[in-house]
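1. what follows is a protein structure lacking sequence information:
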């Protein structure tokens, strides 16, 4: 017997808008994944790229296409359909705006991609000045951001309309969460938009001669850290709301889930200095202050871990499990929609621990810009987040295309998850180990003039190549499954799983929807953390830098 | 908003651990002086070669300071000056470095010396070399096509 909520489908036209985002996301995965494979092989010392293709060109492709394009398109697509599903079908105006957002992002992606392929923008996805890319690269990235704002406006407008129709009621949980992530994204991207539009674009067009590097970096990292939470929060949406329904359990607490998201909104942004701990021009007291704020996200992270495992245990015990860990056996280990994101959750435990080390003020000195950091974010975004996105795709793509996720595909999806786990253990593990020995990130194969220390790193680089190859098999598998679910799987109905709260009678406090309050606090924290050091940076600025094209 | 008893215990324990952790990091930074490199001094990147101390790269003995030597490095795409330097064992050294062009890294493998070189700024770090051997200096911030070829060497000798 199906309940009413299981029969609710995302409107067909809204679904098309979502699918458009997913096509771009998975094309990006294919291109970026191939680039990643090539990087690990080059760095193992076993491969030289043909036809004069540069390692750093490939590395730029990998970072831009996976870190910026895949994530932004998937997340915006997912949030749009999640809002359409839980707050009601979009109006035709909203849907039109969604398409404008989509095409703006797509055109921007195309512009940036062409410049990278022409080798006019081998500046990596962080594009640190004074390396100077072609103006069209910066303009393309601006379009991606602006397009995402238009998508975001659709989410905000749908939320506002729902609240108007349902006065005094807390919004649907997935809509609430999508809104929080969108608000965080908009506040954060103001930083990168400012450096691109006010500094880098005029400078690359030759309108101004020089650029202030420290200010540009600071604006970038004001955006760069919330960026990683922008990736993570959609995974949390699936963990909090979707996974409980898939396993047959309940959401542990609706209110605490909302509170968690509010805490991420407050503490994700005023923390960019922990990416700049090793650089001059910032007073160490301000660095330490932002380190403290960085660590505040540990509280919502602990709340999330508790909630998830409470859901799992409560469900297992309701099925008669006994003993301390008996409930583990009751979980649906044959269901890829659960197992694949679960692998992601597990990877988040070492990933989170590594993150604490990275942000620990002076401890950062041991690992900063070593390949340890690369190992770290391949556990966070490239395992915990991406496996959850794959897990979402397994029900969302067929839901939107009117097809089903067959048993055969389910099996393949679990195999995919296992390949990912094994490949990443090799690759990320070897990266962490080599990083502790001092091996740098973002560097082509080098023997460093025959240094004995550098020779120790090479076996780890070979292990990274092995891991990268296994991961690429995983990429081929997920692309195969995606194409099946989009075009070939048998027609049918696939559920959009939305969990219900364990205690339906407990209404979420309305203060959690008071955006003047939360945005106000977020802005105050940002002003407090940034104003003085930023003004210092402007007042004591050295002469700016001319542009360099050193690739 | 109802919070489960076990969750309260979990959060109190977690937050208490966090406070202890942050106190340790803070005491290390502000009381023991283990701050990350955060020099506030600036320099004109195009005139680096003519300005002290960068007009004399290498190891320079100094008097009347908290440290015995100043080890001066100038970075530019894609090399460091000096390309190799000897440091006596046990020397208390202030490493002073800057860049003439783009952002570079300055990482000494096997030590805690790891800092960014931002154009226009001077980077400093105070350290004691208490192990003999050869230590590889490398650039760990992408700076262009020759980034991975950018190295130097510190030989700590008795």
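-> All right, it came through fine. Quick caveat: nothing in here was measured; it's all calculated off a predicted structure. Numbers count the residues shown, from 1 in each chain, chains lettered A, B, ... in the order given.

2. hey, let's count contacts and neighbours off CA atoms from now on
-> Fine.

3. flag the shaky bits of chain A, pLDDT-wise.
-> Along chain A, segments meeting pLDDT under 70 span A:1-6.

4. what are the buried residues along the helix or strand harbouring residue A:141?
-> Here residue A:141 sits within helix A:135-165, counting by DSSP states H and E. Neighbour-count burial for helix A:135-165, counted by 16 or more other C-alpha atoms under 10 Å in any protein chain shown, picks out A:135-156, A:158-159, A:162-163.

5. neighbours of residue 85, how many?
-> With no chain named, the answer covers chain A. The local packing of residue A:85 (other C-alpha atoms under 10 Å in any protein chain shown) involves 22 other residues.

6. nope, chain B
-> Using other C-alpha under 10 Å: residue B:85 sits among 16 other residues.

7. and it, what does it touch?
-> B:58-59, B:153-155 (C-alpha atoms under 8 Å, 6 or more residues apart in numbering or on different chains).

8. for the stretch 101-250 of chain A, which residues are neighbours of chain B?
-> A:123, A:128-131, A:213-214 (C-alpha under 8 Å from any C-alpha of the partner chain).

9. element containing residue 24?
-> Went with chain A since none was named. Using DSSP H and E, residue A:24 sits in helix A:12-43.

10. other chain: chain B
-> helix B:5-30.

11. mind listing what's buried in that helix?
-> So, applying 16+ other C-alpha under 10 Å, buried residues of helix B:5-30: B:11, B:15, B:18, B:22, B:25-26, B:29.

12. stretch B:59-77 too?
-> B:59, B:67-77.

13. overlap between these and the residues near chain A?
-> The subset of the buried residues of stretch B:59-77 within reach of chain A, by C-alpha under 8 Å from any C-alpha, is residue B:77.

14. with respect to residue A:234, which of the buried residues of stretch B:59-77 is nearest?
-> residue B:77 (40.6 Å; C-alpha to C-alpha).

15. residue B:93 belongs to a helix?
-> No: judged by DSSP: H, G, I helix; E, B strand; the rest coil, residue B:93 forms no part of a helix; its state is strand.

16. hang on, it packs against residue B:127?
-> Yes: look at residue B:93 against residue B:127 with C-alpha atoms under 8 Å: they come within range, at 5.4 Å.

17. can you tell me the closest non-neighbouring residue to residue A:433?
-> Nearest in space to residue A:433, with sequence neighbours left out and distances taken as C-alpha to C-alpha, 6 or more residues apart in numbering or on different chains, is residue A:372 at 6.9 Å.

18. run a quick neighbour tally on residue A:88.
-> 17.

19. show me what contacts residue A:26?
-> For residue A:26, the contact set (C-alpha under 8 Å, 6+ apart) comprises A:70, A:479, A:482.

20. could you redo the last one with a cut-off of 7 Å?
-> Shown in contact with residue A:26 (C-alpha atoms under 7 Å, 6 or more residues apart in numbering or on different chains): residue A:70.

21. try the one 3 residues further on
-> The neighbourhood of residue A:29, defined by C-alpha under 7 Å, 6+ apart, consists of A:66, A:70.

22. got the residue ranges for the strands in chain B?
-> B:58-61, B:69-76, B:79-81, B:85-88, B:92-99, B:104-108, B:114-117, B:123-128, B:133-138, B:151-157 (DSSP state E).

23. for these, which one ends up most surrounded?
-> Greatest average neighbour count among the strands of chain B goes to strand B:114-117 (a mean of 28), per mean count of other C-alpha atoms under 10 Å in any protein chain shown.

24. got the phi and psi for the residue nearest the centre of chain A?
-> Nearest to the mean C-alpha position of chain A, by C-alpha atoms, centre = their mean, lies residue A:231 at 2.1 Å. Dihedral pair for residue A:231: phi -70, psi -40, per degrees, to the nearest 10.

25. now swap in residue A:131 and tell me
-> Torsion angles, degrees, to the nearest 10, at residue A:131: phi -70, psi 130.

26. what bridges to it?
-> residue A:548 (DSSP bridges).

27. wait, it touches residue B:103, no?
-> No: using C-alpha atoms under 7 Å, residue A:131 makes no contact with residue B:103, being 8.3 Å away.

28. tell me which of those two has more neighbours.
-> residue B:103 (28 against 24).

29. was I right to think the more buried one contacts residue B:121?
-> No: contact criterion C-alpha under 7 Å: residue B:103 and residue B:121 do not qualify, at 10.2 Å.

30. for the contacts of residue B:85, which one is nearest residue A:490?
-> Using C-alpha to C-alpha, the contacts of residue B:85 come closest to residue A:490 at residue B:153, 63.2 Å.

31. report the beta-bridge partners for that closest one.
-> Residue B:153 has these beta-bridge partners by DSSP bridges: residue B:136.

32. check contacts around it.
-> Here residue B:153 is in contact with B:83-85, B:134-137 (C-alpha under 7 Å, 6+ apart).

33. kindly reformat those as TSV containing pLDDT and distance to residue A:33.
-> Below are the contacts of residue B:153 laid out as TSV (pLDDT from 0 to 100; distance: C-alpha to C-alpha, whole Å):
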residue	pLDDT	distance to residue A:33
B:83	95	37
B:84	96	39
B:85	97	42
B:134	95	38
B:135	97	35
B:136	97	32
B:137	97	31
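
34. redo those residues as CSV? Include distance to residue B:110.
-> Formatted as CSV, those follow (distance: C-alpha to C-alpha, whole Å):
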residue, distance to residue B:110
B:83, 18
B:84, 16
B:85, 16
B:134, 10
B:135, 7
B:136, 8
B:137, 10
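
35. ok, of those residues, which one's closest to chain A?
-> Distance to chain A across those (C-alpha to the nearest C-alpha) is lowest for residue B:136, with 6.7 Å.

36. state the distance from residue A:533 to residue A:273.
-> 10 Å (C-alpha to C-alpha, to the nearest Å).

37. whoops, residue B:56 was the one
-> Distance, residue B:56 to residue A:273, using C-alpha to C-alpha: 32 Å.

38. and the two? which has more neighbours close in?
-> Taking other C-alpha under 10 Å, residue B:56 and residue A:273 do not tie; residue A:273 has more neighbours (27 against 17).

39. which residue packs closest to that one, ignoring adjacent ones?
-> residue A:287 (5.7 Å).

40. mind checking the SS state of that neighbour?
-> helix.

41. for it, give me its contacts.
-> Residue A:287 touches A:273-274, A:277, counting by C-alpha under 7 Å, 6+ apart.

42. cheers, nothing more for now.
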